[in-house]
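> sequence and predicted structure are below.
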Amino acid sequence: MKPVIDIIIPVFNEEDSIQKVISEIPKDLVRNIIVCNNGSTDNTGQVAEKNGAIVVFEPIKGYGNACLKGIDYVSHLDKKPDIIVFLDGDYSDYPKDMTELVDKIILDNNDMVIGSRALGTLEAGAMMPQQIFGNWLATLLIKCIYNYNFTDLGPFRAIKYIKLMEMQMSDKTFGWTVEMQVKAAKMHMQTAEIPVRYRKRIGKSKVSGTIKGTIFGRA
């Protein structure tokens, strides 16, 4: 039976990119595209809705807050998904790579799959030096403490819905991706990474240009 897949896209002022992201999502894979509008002051929500997304609103700023709003929406659906995919709305990732992400769950029975920019193709200037360093440091610490091998904290990821709910995610700001990967390690989940392509984002980075944002999760 074909798995039910919902995608959660946290956004803040992404009106110039969100249409591109939505248009490139493999529609044959995904049931719901849920755009979590995190207090945008532009027309991000309207553009997303016009392009077929379900838009939920989270006025309290924070990457984790936006993701938690999306999870809350999904948790109240009559039919829960089998897999949740997280994808940023700035067009830095390639949505079509989603097929390979979910295949590592569907075919290989992984619990969580990270789209690794470190293993993939990185456009020149797409990541700042502090992002690359932050990813290296955080993944090294996870390996040293939990003996789990990750190469990236990339936000493009897929996870079994039931495993996501077991994690009881709580981080509301920068540490969302780190929290998920640390909890996966603590819970001895079966994880994998696939190489993904990564390009310069459309618009200004909301977090990744800061040391705090880089080290604590949304690198």
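Looks like it came in fine.

> which parts of the chain are helices?
Secondary structure of the chain by DSSP state H: the helices cover 18-23, 44-50, 63-75, 98-106, 129-146, 161-167, 176-186, 211-215.

> thought Pro10 was touching Gly62?
No - at 9.1 Å, Pro10 does not count as touching Gly62 under the criterion of Cβ atoms under 8 Å. No exception for glycine: its C-beta is placed from N, CA and C like everyone else's.

> need the overlap of contacts for the two.
Asn38 (Cβ atoms under 8 Å, 6 or more residues apart in numbering).

> the two: who's more crowded?
Legend: neighbour count by other Cβ atoms under 10 Å for Pro10 and Gly62, higher for Pro10 (28 against 21).

> so which of the helices of the chain gets nearest Ile202?
Ile202 lies closest to helix 18-23 among these, at 7.4 Å (Cβ to Cβ).

> tell me the buried residues in the closest one?
Residues 18-19, 21-22 are the ones in helix 18-23 that count as buried (16 or more other Cβ atoms under 10 Å).

> what's the most distant pair in those residues?
Gln19 and Val21 (7.3 Å).

> right, and Met191 touches Asp108 too?
Check again: residue 191 is Thr, not Met. No - using Cβ under 8 Å, Thr191 is not in contact with Asp108, being 10.8 Å away.

> who has more neighbours, the two?
More neighbours surround Thr191 than the other of Thr191 and Asp108, with 20 against 10 (other Cβ under 10 Å).

> low-confidence regions, this structure specifically.
204-219 (pLDDT under 70).

> tell me who's in contact with the nearest residue to Ala118 once chain neighbours are set aside.
Leaving aside its sequence neighbours, Ala118 sits nearest to Thr151 (Cβ to Cβ, 6 or more residues apart in numbering; 4.1 Å). Counting by Cβ under 8 Å, 6+ apart, Thr151 makes contact with 116, 118-119, 135, 139, 193.

> wait, doesn't Val56 sit right on Tyr73?
Yes - in this structure, Val56 is within contact of Tyr73 by Cβ under 8 Å, at 5.0 Å.

> which neighbours do these two share?
Taking Cβ under 8 Å, 6+ apart as the contact rule, Val56 and Tyr73 both touch Ile34.

> roughly how far apart are Phe174 and Leu153?
Spatial separation of Phe174 from Leu153 under the definition Cβ to Cβ, to the nearest Å is 10 Å.

> neighbour-wise, which of these two wins?
Just comparing Phe174 and Leu153: by other Cβ under 10 Å the higher neighbour count belongs to Leu153, 29 against 22.

> shouldn't the more buried one be in contact with Gly175?
No - here Leu153 lies out of contact with Gly175, judged by Cβ under 8 Å, at a distance of 9.7 Å.

> show me the contacts for Asp88.
9-10, 21, 155-156, 201.
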